[in-house]
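>>> okay, sequence plus prediction incoming.
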Amino acid sequence: MTITLQEAAALASAPRPRPNPAVVASRDRLRALRLKQAQAFFGADLPLAEVTEQRIDQWIEALIADEYSPLAIDRYLWTLQSMLTRAVDSRLLATLPRVRESQALKAYRLAQDQELRDRIAKRRAAIRAAHPSISKEEYDRLMREACETDRKARRAKRSQQSA
């Protein structure tokens, strides 16, 4: 029996009994959105057996090119892994393709981590230069404010790019 990616996504999105309905609804919506994105990349009519490691690596590279964060990419991969596992458990797929972190994602994650360390180091240096003799509490407050300002700027940039 062959199953398409669209049919497997419907199976993976089927409601499961969980204790908190609000949490379940939110997770199910996010799972459905991630699976729609996978269908858009792979093609909804692609037989699930043709979702290979190479195609998954190509998808990861496309997500990196679209500037998704490493955490977002991980969540997409977890969702895909969950769908594929359910298909194998339901005997709709013979073998489970390995969903793993590609070399491109590892390099991207390292670059993101280095960029974050660089931003934090710049913040620290700027605060210490402007306020050489402040208390630890005041320093921590200024660092939190600087981080929040940076976060808001990144969100604004993302929303401008998506608009």
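Alright, I've got the coordinates.
>>> next one: the residue of the chain positioned farthest from its centre from Tyr139, what distance?
Taking C-alpha atoms, centre = their mean, the residue of the chain most remote from its mean C-alpha position is Ser133, at 40.7 Å. Noted for Ser133: a distance of 10 Å to Tyr139, by C-beta to C-beta, to the nearest Å. The way it works is simple: take the backbone N, C-alpha and C, and place the C-beta from them, glycine included.
>>> just to revisit the earlier point, where does the residue farthest from the centre of the chain sit: helix, strand or coil?
Assigned by DSSP: H, G, I helix; E, B strand; the rest coil, the conformation of Ser133 is coil.
>>> which non-adjacent residue is nearest the spatially most central residue of the chain?
With distances taken as C-alpha atoms, centre = their mean, Ala72 lies nearest the centre of the chain, 1.1 Å away. Nearest non-adjacent residue to Ala72, counting by C-beta to C-beta, 6 or more residues apart in numbering: Leu63, 7.4 Å away.
>>> what residues does whichever strand or helix holds Ser26 touch?
Using DSSP states H and E, Ser26 maps to helix 21-42. By C-beta atoms under 8 Å, 6 or more residues apart in numbering, the residues outside helix 21-42 that reach it are 5-6, 9, 12-13, 15-16, 18, 51, 55, 59, 62, 75-76, 79-80, 82-83.
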